[in-house]
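Undergrad: this is the structure alone, sequence omitted:
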């Protein structure tokens, strides 16, 4: 979107006058008029536009709501109820904002799934993808802080539970949580800063979305065939073809959204969200909003402390791995040395944190048995690291999956694995809302295991070994697009 | 290649000085930026009025053996309980290694002040406030505290003995300013 | 290793990592409500009866601090009736020019008068239990209307051998069953102005509908607007589809 080399000529002298000084009309025509879209892009390509629409709806409704909202622990809950009862159309604005967050996430999750299925993260779209992951993280932060603002039981306790996770980090944890809270419990300073950030971050998201779209317009859109457009035959101008297609999809999406707003506005929320926050009474069942549940389930899947005895077992395993690597890489000295160095680093790290844990633990009755029980990494810290790791994995996805074939259409095994990933993710979403006992814990652990195995084991393996189907030479020659119509 | 090397040699003095100035300027800029950011970051730490309530002093002169008073510390109830000699003997007779959250009674009180038990009055199960501090309260099977929400029983050392709670009642950081004055926090 | 965590952090963390609460609760049976469904509206006569039950029974212990007397227009009362209802209560206002607080009759703009000065007074008067505010009670309980109705009609004799604390009653639908609220409704506790027979079920049904209205007073307006918006969106989607087809017709 730098200054175009040549500007368009416009009939309207006013437009022409402006365009010579600020070529905004030229840019619009270039980026949204004649911009070439792969002609086989299906309706899944409409969800980016829907997500942007939801962002704008959230910003507009949010700014108006902020005019009637009071960020103070004594008044926040009642000021939201005043919006619901006394402010003109306040109930409508609040229900739009409340359910809008959910529909924003619905659009974005489908958008991400589409990217995974059709390999939209692969060369040359790596930066486009990473910027997208940044938007996703910012959305999660914004939504989390927004959930705090009504200062209900769910708000206050949700904030307490999630911010308390940071206390699990060794050494800095407690100080970090006190700093996040601005005090020694979730209180007025916490609410105030959450309000300030909840107001600010959407505009940051808007800025990052601009970069996302910018990167998109450098590489152009991916498409279901996963081959780049080769000639004009493969593309159609954005307007009117995709304005009309995306426009129709958007209206359908908004119809479902508005149906929820008007007829089931509480379908996606918890009843404890309508009790004012009480720091002396914990609700028996604290759950985050549905769009966080899969990640919450990953957090809860880690239930065993990593103790000295486990560390010793792991060290034994690593020692056994040395001769195994020696045999395995017999022919290749370079690889063997690399394997030795990797194993050595792991072993050294493990020994170091074990000694550190033992050195910093005060035991009342020191004995060998007591030292074996010393916790090195508590279960909760493992969960926190895994939860953040599960999202950060997406950042390096373009380099994990280096298969040259983009679209899952031509990757039969990848397609099945992706389906399992989706099932795992939905399973995690379900177990995330359950009490941490019985079979949901096991189901969550299995799904968590698959989630990480999918990215860390299956994808690198498939990238090298999968037998892919023949990829069409160009979009126009893609048989499935020709037969299916648009 | 050769010519650039010569130029480099010729201007070595000047270049070293220029690099030094650039580096110093850059470093000073970084220091300035860092210094400017700190007030912003630290403004989010607890403010003076919050810190003023971070510690609470409790005069325990009037508490009789067997009595508990409840004080508010950092928005949470804290139980200060004066134990009788029998109570202490009773909790110390137990084999604490076998408990769910193994802690000896000695590790939960200040040595030399063994009669004083200071606990955060928040059940470690779901954050309810256990009963047992008032004379008329239900004290549970271990004659300590009893959480009415889901039936967790704590002993006279605040250790979990029965029911769903996973941990002992927390002991807040505190110290004896004098024999009759405790500072919590 | 990290034993020095703040006590609160501990409490908060166990709050979600700890095993489930043991308290068993029974799912309330589904009821039919006049105001449910896409076209459901509030039954005004029932709301008025429900308000009467609240006024004469519940309001002795439970406040509704989010409601003002003016809101009673939503039950179908006119301005004069609302003024008369408000005037039955005295509220504290002030300070006046002498710096003193004074009592006066309530006006439509005043909030519903609270039964207790503050939560501590409410606890002190109710054996330590706090009667919750009812403004949002239907939205703030699982199973909403069905639960409130079930709770009000769910008082039974405790199963043999079960003993509760003094002053508590056994309720089939309350989590843990022992509840501090004594059975609030007894046959004929109110005499309805419209002559309806005041059975416990009838009163429970009426007051539940009144409480549902209190939590969501704009529901009728929301549904009415929703129907118009939906009709518009369906037509809009149709037109958009036709336009899209027209544009894409040439491509194939």
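TA: The structure has been received and is ready for your questions. If you're wondering where the values come from, they're calculated on a predicted model, not measured in any experiment. Numbering: from 1, shown residues only, chains lettered A, B, ... in the order given.
Undergrad: which strand or helix spans the closest residue to chain A within the stretch 101-250 of chain C?
TA: Here the stretch 101-250 of chain C gets closest to chain A at one residue, residue C:226, 2.7 Å apart by CB to the nearest CB. Placement of C-beta: from N, CA and C, glycine included. Assigned by DSSP states H and E, residue C:226 belongs to helix C:219-249.
Undergrad: packing partners for that helix?
TA: helix A:90-117, helix A:243-263 (3 or more CB pairs under 8 Å, 6 or more residues apart in numbering or on different chains; DSSP states H and E).
Undergrad: quick check: angle from that helix to helix A:243-263?
TA: Orientation check (axes from the mean of the first three to the mean of the last three CA atoms, to 10 degrees): helix C:219-249 against helix A:243-263 gives 170 degrees.
Undergrad: run the angle between helix C:219-249 and helix A:90-117 for me.
TA: 40 degrees.
Undergrad: dump the residue contacts of residue 102.
TA: I went with chain A, as the question did not name one. A:260, A:268, A:289-291 (CB atoms under 8 Å, 6 or more residues apart in numbering or on different chains).
Undergrad: if you could check chain B rather than the one you did, that'd help
TA: Counting by CB under 8 Å, 6+ apart, the residues that residue B:102 touches are residue B:96.
Undergrad: how about the secondary structure of it?
TA: Three-state call for residue B:102 (DSSP: H, G, I helix; E, B strand; the rest coil): coil.
Undergrad: re the thing from before, now the helices and strands packed on helix C:219-249 in a markdown table, with distance to residue A:477?
TA: Converted to a markdown table, the helices and strands packed on helix C:219-249 look like this (distance: least, CB to CB, whole Å):
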| stretch | distance to residue A:477 |
| --- | --- |
| helix A:90-117 | 21 |
| helix A:243-263 | 22 |
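Undergrad: would you turn these into a markdown table with distance to residue B:31 and mean pLDDT?
TA: As requested, the helices and strands packed on helix C:219-249 are exported to a markdown table (distance: least, CB to CB, whole Å; pLDDT from 0 to 100):
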| stretch | distance to residue B:31 | mean pLDDT |
| --- | --- | --- |
| helix A:90-117 | 40 | 97 |
| helix A:243-263 | 50 | 97 |
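Undergrad: which one, of those helices, ends up nearest to residue A:467?
TA: Proximity to residue A:467 (CB to CB) singles out helix A:90-117 among the helices and strands packed on helix C:219-249, at 18.9 Å.
Undergrad: any part of the helix or strand following the closest one near chain B?
TA: Downstream of helix A:90-117, the first helix or strand assigned by DSSP H and E is helix A:126-148. No - Helix A:126-148 stays clear of chain B (CB under 8 Å from any CB of the partner chain), getting no nearer than 13.8 Å.
Undergrad: got the angle for helix A:126-148 vs helix A:90-117?
TA: Using the same axes, to 10 degrees: helix A:126-148 against helix A:90-117 is 150 degrees.
Undergrad: can the next helix or strand after helix A:126-148 be said to contact chain C?
TA: Toward the C-terminus, helix A:126-148 is succeeded by helix A:153-164 as the next helix or strand (DSSP H and E). Yes - judged by CB under 8 Å from any CB, helix A:153-164 comes into contact with chain C through A:157, A:160-161, A:164.
Undergrad: could I get the full set of helices for chain C?
TA: Assigned by DSSP state H, the helices in chain C fall at C:7-17, C:44-56, C:79-87, C:119-125, C:144-153, C:200-215, C:219-249.
Undergrad: so for residue B:63, which of these sits nearest?
TA: helix C:7-17 (21.3 Å).
Undergrad: contacts only, for the residue in the stretch 1-150 of chain A positioned nearest to chain B.
TA: For the stretch 1-150 of chain A, the residue closest to chain B is residue A:73, as judged by CB to the nearest CB, at 10.8 Å. Residue A:73 makes contact with A:151, A:187-188, A:191, A:277 under the criterion CB under 8 Å, 6+ apart.
Undergrad: ok, now residue B:161?
TA: Contacts of residue B:161 by CB under 8 Å, 6+ apart are B:99-100, B:141-142, B:144, B:153-155.
Undergrad: tell me the SS of it?
TA: Per three-state DSSP, residue B:161 ends up strand.
Undergrad: what about stretch A:428-448, near chain B?
TA: No - using CB under 8 Å from any CB, we find that stretch A:428-448 stays clear of chain B, coming within 10.4 Å at best.
Undergrad: of all the residues in stretch A:380-388, which ones are buried?
TA: A:380-387 (16 or more other CB atoms under 10 Å in any protein chain shown).
Undergrad: from the residues you listed, which land in strands?
TA: Counting by DSSP state E, these place none of their members in strands.
Undergrad: reformat the residues you listed as a markdown table; add pLDDT and distance to residue A:473.
TA: Output for these, formatted as a markdown table (pLDDT from 0 to 100; distance: CB to CB, whole Å):
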| residue | pLDDT | distance to residue A:473 |
| --- | --- | --- |
| A:380 | 82 | 53 |
| A:381 | 88 | 51 |
| A:382 | 92 | 48 |
| A:383 | 90 | 48 |
| A:384 | 90 | 48 |
| A:385 | 93 | 45 |
| A:386 | 95 | 43 |
| A:387 | 94 | 43 |
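Undergrad: of those, which is the nearest to chain B?
TA: Using CB to the nearest CB, the buried residues of stretch A:380-388 come closest to chain B at residue A:380, 11.8 Å.
Undergrad: hang on, that closest one packs against residue A:169?
TA: No - under the criterion of CB atoms under 8 Å, residue A:380 makes no contact with residue A:169, lying 10.3 Å away.
Undergrad: mind listing the strands for chain B?
TA: Along chain B, counting by DSSP E, strands occupy B:56-59, B:68-73, B:76-82, B:116-120, B:143-147, B:152-155, B:160-162, B:174-178, B:181-184.
Undergrad: next one: chain A
TA: A:36-38, A:235-237, A:306-307, A:375-377.
Undergrad: scan chain B for its longest helix.
TA: Per DSSP H, chain B has its longest helix at helix B:12-42.
Undergrad: point me to the residue of the stretch 201-350 of chain A nearest chain C.
TA: Counting by CB to the nearest CB, the stretch 201-350 of chain A gets nearest to chain C through residue A:262 (2.7 Å).
Undergrad: show me what contacts that residue?
TA: Listed by CB under 8 Å, 6+ apart, the contact set of residue A:262 reads A:95, C:222-223, C:225-227, C:229-230.
Undergrad: what about residue A:172, neighbour count?
TA: Each residue near residue A:172 was counted by other CB atoms under 10 Å in any protein chain shown, and the total is 11.
Undergrad: from chain C, how far off is it?
TA: Using CB to the nearest CB, to the nearest Å, we find residue A:172 at a distance of 11 Å from chain C.
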